[in-house]
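> The following block contains a protein sequence and its predicted model.
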Amino acid sequence: MTRIEDYALIGDCETAALVSRGGSIDWLCWPRFDSPACFAALLGTRDHGRWLIAPTDATATVSRRYRGHTLILETTFATPEGTATVIDFMPPRGCNSDVVRIVRGDEGRVRMHTELILRFDYGRTIPWMTRHAEGSYSAIAGPDLVALHTTVPLHGEGLTTVGEFDIAAGATLAFVLTHGLSHLPVPEATDPERALESTEAFWQDWMEHGLEGDWAHVLGRSLVTLKALTYAPTGGLVAAPTTSLPECVGGSRNWDYRFCWVRDATLTLLALMNAGYYGEARAWRDWLLRAAAGAPAQMQIMYGLGGERRLPEATLPWLPGYAQSAPVRIGNDAAHQLQLDVYGELMDALYQARRGGLTPRESDWAFQAKLLEHLETVWRDPDAGIWEMRGSLQHFTFSKVMAWVAFDRGIRTAEQFSLPGPIDRWRDVRRTIHDTVCRLGFDQERRSFTQAFGSRELDASLLLLPTVGFLPASDSRVCETVSAIERDLLVGGVVLRYNTHSGVDGLPPGEGAFLACTLWLADAYVLLGRRNDAVDLFNRVLSLANDVGLLSEEYDPSSQRLVGNFPQAFSHVALINTAHNLGRSTKPVEQRASRHQESA
């Protein structure tokens, strides 16, 4: 089984594919991130689809890199007979989505082979393969069609399309796989060399802002990754392009992350704006407003790429799961949980957008005021919390803190931008929430804020209390909470979200450490003046990225491997913000933490 960190990402800003170090594309959903059309093998389950191009010599050594700040992947195979490079990319979307694979001979002569196993509907449906003119093939099942164009001779073997060929120094051979609709003509072949030129130009033009400092390279890779995970037609940002990669290998904590989470809103917005990408920030802000529009009581924690609200969860029993991690899920029932923190996230994101110069629409403030009106009636209710607990509802401390943030940002917005609203009433609610959290969310014996009212458990989300401005970092209760998290949740140099053995989440125990939480601790160190500790922790996270700079959701310190869906947007958002906290005078952690003099 290929390790999660042995994959790289290619994409066209509407969907994406994962390419293994061994030259196999093992995950691709066409025509968009959340579609089931084509090889949805769960990373390496050969019977359910893959596309391999590699030397016949299994002992070949492998090295790979991205071409500069692009999403063009170059995998080089060295054999005793010679060296060859496979160049993988997806051109910016035209009428159809393409995967282009160019094999380039570098030295000597290398014997290569290719194996294409097309399976639709999450690996379940075998399409009908047809040979057309020389070098042209198509596969059809139901509404989907995939066309393959190549000059390499291919033939069928047991429901698999295979071929072998030699590549000599200076020569190139190309394969182009294109998605289409079965009721339309087979898509025409894309010129691979022109596609390569246009793809490189696209990414070079996008990465127009100069990157400086000690972490310029990792910042560039994280920004490109965020752009790749943006669904360009709507501006929505998927949490990850995959589903059901396990948080604990062999376990059942396997979730579909191919949707857009409101909880990511503010940090994503700040990461993009501080890096100079106001177009993407505006598109993300506009997606948030469209998705959340409607009755405030119906606001969800996540939506589909276009703002879809129905994301029914189902399991796919014909897929064994990554490393037998079952069940494999599509859809996500957490979409309908009550999570009070999303109100604070949305209000903070819209406040930061106004401060950052993103022009609001005339109707935006009326919508925000209605959100606060609804939140006044529900902030006292128990909820599922930021981690989408599937156990019983509780009064999670961070949820109440973010309810405080919602009213705080509403007050700031009204005051700073001269907008109407019941500011005195909002101040009263803000003060009540603050007093309630400090009274019920802080354990006097443990000398720490806790995961929920009446609980003694810790939660890494508490690291954000000074970041969002609820209390200053100098407050003794914040310092003691950070110390408690260092003692109990910092394991192997990375931070656990919470103790999964407590049973609070209603799931079997065991998961990796959450990489975003680890970076939140580094951010807390920045606010506490512990810069050296922050740099050390930041470098620890950088050391966990794979060889092409990608991070998953979590890291398992016991098995020393990445786990969870991959690559994870929130991990890269957190990385960008921590890099800015450490390397810039304008720090995201201070942008959020700056408190109005009457905030408490």
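Sure thing, it's come through. Numbering: from 1, shown residues only.

> host element of S392?
According to DSSP states H and E, S392 maps onto no helix or strand at all.

> Report pLDDT for it.
Looking at S392, its pLDDT is 93.

> Assumed D408 was part of a strand.
No - per DSSP: H, G, I helix; E, B strand; the rest coil, D408 lies outside any strand segment and is helix.

> 45 is where my numbering starts, stick with that
With 45 as the first residue, the last one maps to D452.

> Kindly provide the distance from it to P510.
D452 is 14 Å from P510, where distance means Cβ to Cβ, to the nearest Å. For every residue, glycine as well, the C-beta is placed using N, CA and C.

> now swap in R65 and tell me
Taking Cβ to Cβ, one finds R65 at 41 Å from P510.

> who's more crowded, those two?
Here R65 and P510 are compared on neighbour count by other Cβ atoms under 10 Å; more neighbours surround P510, at 26 against 19.

> so who does the more buried one touch?
For P510, the contact set (Cβ atoms under 8 Å, 6 or more residues apart in numbering) comprises P516, A517, D519, V522, A568, L571, A637.

> Tell me which residues are up against the helix or strand of the chain with the lowest mean pLDDT.
Lowest on mean pLDDT, DSSP states H and E among the helices and strands of the chain sits helix 632-637, with a mean of 88. With contact meaning Cβ under 8 Å, 6+ apart, helix 632-637 is reached by 310-311, 314-315, 318, 392, 396, 399, 510-513, 516-517, 567, 570-571, 621, 624-625.

> Okay, and which of the residues you listed map to strands?
Among those, none falls in strands (DSSP state E).

> Selection in PyMOL covering whichever of these are buried, please.
To isolate the buried ones among those in PyMOL, judged by 16 or more other Cβ atoms under 10 Å, type:
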select buried, resi 310+311+314+315+318+392+396+510+511+512+513+517+567+570+571+621+624+625
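
> Where helices are concerned, which of the contacts of helix 632-637 count?
By the criterion of DSSP state H, membership of these in helices covers 310-311, 314-315, 318, 392, 396, 399, 567, 570-571, 621, 624-625.

> which of those sit farthest apart?
Across the ones in helices among the contacts of helix 632-637, no pair lies farther apart than R399 and V570, at 20.1 Å, counting by Cβ to Cβ.

> Next, the distance between the ends of stretch 125-138.
Chord length of stretch 125-138, first to last residue, is 39 Å (Cα to Cα, to the nearest Å).

> Quick check: V220 touching P236?
Yes - with contact defined as Cβ atoms under 8 Å, V220 counts as touching P236 (5.8 Å).

> Secondary structure of C523: a strand, I assume?
No - using three-state DSSP, the assignment for C523 is helix, not a strand.

> which residues of this protein score low on pLDDT?
The model of the chain has pLDDT under 70 over residues 82-86, 88-89, 254, 638-644.

> where along it do the helices fall?
Using DSSP H, helices in the chain cover 236-250, 260-272, 309-318, 322-336, 385-399, 408-422, 441-460, 467-484, 520-532, 559-572, 575-588, 613-627, 632-637.

> Export those to a markdown table and append columns for distance to Y599.
A markdown table is the format used below for the helices of the chain (distance: least, Cβ to Cβ, whole Å):
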| stretch | distance to Y599 |
| --- | --- |
| helix 236-250 | 28 |
| helix 260-272 | 16 |
| helix 309-318 | 19 |
| helix 322-336 | 27 |
| helix 385-399 | 24 |
| helix 408-422 | 35 |
| helix 441-460 | 22 |
| helix 467-484 | 30 |
| helix 520-532 | 17 |
| helix 559-572 | 6 |
| helix 575-588 | 5 |
| helix 613-627 | 9 |
| helix 632-637 | 22 |
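
> Go through those and name the closest to L160.
Here helix 236-250 is closest among the helices of the chain (Cβ to Cβ), at 16.3 Å.

> report the angle between the axes of that closest one and helix 322-336?
If you take axes from the mean of the first three to the mean of the last three Cα atoms, to 10 degrees, helix 236-250 sits at 90 degrees to helix 322-336.

> Dump the C-alpha coordinates for helix 236-250 into PDB.
Taking Å, rounded to 0.1, in the frame of the first residue of the first chain, the C-alpha atoms of helix 236-250 are listed here in PDB:
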ATOM      1  CA  PRO A 236       0.300  18.100 -25.300                       C
ATOM      2  CA  GLU A 237       3.200  20.400 -25.900                       C
ATOM      3  CA  ARG A 238       1.000  23.500 -26.300                       C
ATOM      4  CA  ALA A 239      -0.900  22.400 -23.200                       C
ATOM      5  CA  LEU A 240       2.300  22.200 -21.200                       C
ATOM      6  CA  GLU A 241       3.300  25.700 -22.300                       C
ATOM      7  CA  SER A 242      -0.100  27.200 -21.400                       C
ATOM      8  CA  THR A 243      -0.200  25.400 -18.100                       C
ATOM      9  CA  GLU A 244       3.200  26.600 -17.100                       C
ATOM     10  CA  ALA A 245       2.300  30.200 -18.200                       C
ATOM     11  CA  PHE A 246      -0.900  30.000 -16.200                       C
ATOM     12  CA  TRP A 247       0.800  29.200 -12.900                       C
ATOM     13  CA  GLN A 248       3.700  31.600 -13.500                       C
ATOM     14  CA  ASP A 249       1.200  34.400 -14.200                       C
ATOM     15  CA  TRP A 250      -0.800  33.500 -11.100                       C
END
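
> Fine, thanks again, bye for now.
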